[in-house]
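Asker: got a predicted model here, sequence first, then my questions.
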Amino acid sequence: MEELKQPIVFAFLKDNKLQVFRADTFNTITQDFAKIYHYSPSQVEIVLNNVRNGCNNMGTNLMKFLAGKENIQFANGDKNDAIDHLSATEKKMRRWGEFEVRVHPFIGYEEDYTYPEKWKIQAEIANLQDAIEIHKFKVIDNEN
């Protein structure tokens, strides 16, 4: 069996202060339950591209497109809630103006790929290891 790479999370910081973590593929952000990835340069690039797209509201536009399709089902059944939630996330990132996305080593999933218990996640968040990579973002409101 192939050995898994270093588990990581993506942390968002504003003015050097931790704000949130990436929670899922659609740029949802959270303070408590970070999505755990495995480190690779291609994984980092995928996430960074998604963050860039989120700064341009592309996630909301994609979600609206998907909501217009008849055969698409949403987890909670309400496509408007999903669109509003994603839009709020993207607006928050835009309001930050300048922020960083840091790639931090993290604990992995449990033996059977179960998300770690809440207390383990909270302990890891309270004692984050130094970032493997730091990426800076700047959102410009009015560009000529």
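Answerer: That came in fine, so what should we check first? It should be emphasised that the depicted structure is a prediction, and the values quoted were computed from it without experimental measurement.
Asker: could you check how far the most centrally placed residue in the chain is from residue 74?
Answerer: In the chain, the centroid-proximal residue (CA atoms, centre = their mean) is residue 22; its distance is 2.2 Å. Using CB to CB, to the nearest Å, residue 22 is found at 20 Å from residue 74. For the C-beta atoms, the positions are set from N, CA and C on the backbone; glycine is no exception.
Asker: ok, which stretches of this protein are helices?
Answerer: For the chain, helices defined by DSSP state H occupy the ranges 41-55, 58-67, 79-96, 118-126.
Asker: related to what we said a few turns ago, what's across from the residue nearest to the residue nearest to the centre of the chain when sequence neighbours are not counted in the sheet?
Answerer: Using CB to CB, 6 or more residues apart in numbering and skipping residues adjacent in sequence, the residue nearest residue 22 is residue 10, 4.0 Å away. In this entry, residue 10 is beta-bridged to residue 103, by DSSP bridges.
Asker: return the residues in contact with residue 10.
Answerer: Residue 10 makes contacts with 21, 22, 34, 35, 37, 47, 51, 101, 102, 103, 104, as judged by CB atoms under 8 Å, 6 or more residues apart in numbering.
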